[in-house]
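Enquirer: any chance you can model this:
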Amino acid sequence: MKLDYIAFTDDHFDKPGDEDDGLYIGLEGYARIIQNLYLGGEVGRAVNIDISGEDISFFPVEVNLKYAIAAARNFVVDFGAGVSYSYAELRDDSFSSSVRDERSDWLFGGQFFADLTCKIHWFSIGINTKYQITQGFRGEGLDLSNWRIGAQIGAVF
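Expert: Predicted coordinates:
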């Protein structure tokens, strides 16, 4: 399980009053293919994102390949890349709007990432960073590419 800070990179979010960041909660799992190489995936949700009266709901679904190496006793460094298919929904909840406007789209994308994990028996804790590139939101001229940084906790089987 991971808990990350997420920020979207589109210039649209550089305007004063546009909140482009929030909290990302994700669940990931990996299985070893060969020594040091793992295949897995992640699903998650970004919450509490508000863009000048608009809320964004962002749900990425990812398939990733990562390479992991022991950096020191009990510490593992891994880096990888993958493909994603993310559901995004924009909702206009501003007080000035009398009509609730909702738009949604599925976005293809890809990501690359790096993690540092401390493993103690079956328990793991670590930090992670990721950059995800997505296609543009249909009809909005909005790019939901993002970067994340945060912490993870889990179990090793």
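
Enquirer: partner strands of the worst-scoring helix or strand of the chain on mean pLDDT, with direction?
Expert: Sorted by mean pLDDT, DSSP states H and E, the helices and strands of the chain end with strand 142-143, the least confident at a mean of 83. Here strand 142-143 has these sheet partners by DSSP bridges: strand 136-137 (antiparallel).

Enquirer: residues in contact with the strand it pairs with?
Expert: 88, 90, 103, 105, 107, 142, 143, 144 (C-beta atoms under 8 Å, 6 or more residues apart in numbering). Where you see a C-beta, it was placed from the backbone N, CA and C, and this is true even at glycine.

Enquirer: buried stuff in stretch 103-117?
Expert: Neighbour-count burial for stretch 103-117 flags 105, 107, 109, 110, 111, 113, 115, 117 (criterion: 16 or more other C-beta atoms under 10 Å).

Enquirer: looking at these, which are in strands?
Expert: 105, 107, 109, 110, 111, 113, 115, 117 (DSSP state E).

Enquirer: grab the nearest non-local neighbour of the second one.
Expert: This means residue 107. Spatially, and ignoring its direct neighbours in sequence, residue 107 is nearest to residue 134 (4.3 Å; C-beta to C-beta, 6 or more residues apart in numbering).
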